[in-house]
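*Asks:* One predicted model, sequence on top.
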Amino acid sequence: MSSPPLWQTYYTPTSVEEALTILAENGDHPGPETRIVAGGTDLLVELQHGDRQAQVLIDITRIGGLDRVQQDDDGLIHIGPTVTHNLASTSS
């Protein structure tokens, strides 16, 4: 006997525009049914344990340019959603 799937649909957009289109087609914002993931290890564990539910996963790891750490002219640091711990710790 097999387990039910942890999610129904898995998207891997390659642009922010594509991700926003997918998000708009699946609800106005992420919620219980739609989740944006960048790796998703914690979410997958929560899905397996039944702590969370999701029908649609939007994996943003293939979108270029989201893996940057930058400091703006006001001195604020901006960390992209796909920046790894290793990249954040070695950025200067």
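*Replies:* Yep, it's here.

*Asks:* Show me where this structure has its strands.
*Replies:* 9-11, 34-37, 56-59, 69-71, 77-79 (DSSP state E).

*Asks:* and those, which one is worst for confidence?
*Replies:* Ranked on mean pLDDT, the bottom entry among those is strand 34-37, at a mean of 89.

*Asks:* ok, that strand: who's next to it in the sheet?
*Replies:* Partners of strand 34-37 in the sheet, by DSSP bridges, are strand 56-59 (parallel).

*Asks:* Now do stretch 7-23: distance to the chain's middle.
*Replies:* 10 Å (CA atoms, centre = their mean, to the nearest Å).

*Asks:* just stretch 23-39 next, same as before
*Replies:* Taking the mean of its C-alpha atoms, stretch 23-39 sits 9 Å from the chain's own mean (CA atoms, centre = their mean).

*Asks:* Also stretch 35-43?
*Replies:* A distance of 5 Å separates the centroid of the chain from that of stretch 35-43, by CA atoms, centre = their mean.

*Asks:* Mind exporting the C-alpha coordinates of that stretch to CSV?
*Replies:* The C-alpha coordinates for stretch 35-43 follow below in CSV (Å, rounded to 0.1, in the frame of the first residue of the first chain):
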residue,chain,number,x,y,z
ARG,A,35,4.2,27.1,-0.8
ILE,A,36,7.2,28.8,-2.3
VAL,A,37,10.4,26.9,-1.6
ALA,A,38,14.1,27.5,-2.0
GLY,A,39,15.4,24.1,-1.1
GLY,A,40,12.5,23.1,1.1
THR,A,41,14.3,20.6,3.4
ASP,A,42,12.4,21.8,6.5
LEU,A,43,9.0,21.9,4.6
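
*Asks:* buried residues in that stretch?
*Replies:* For stretch 35-43, the neighbour count (16 or more other CB atoms under 10 Å) marks R35, I36, V37, A38, G40, L43 as buried. C-betas here are computed from N, CA, C, even on glycine.

*Asks:* Show me the shaky parts of this structure.
*Replies:* Scanning the chain for pLDDT under 70 picks out the ranges 1-2, 28-32.

*Asks:* if you go through it in chain order, where are the helices?
*Replies:* With DSSP state H as the criterion, the chain has helices at 16-25, 41-49, 85-90.
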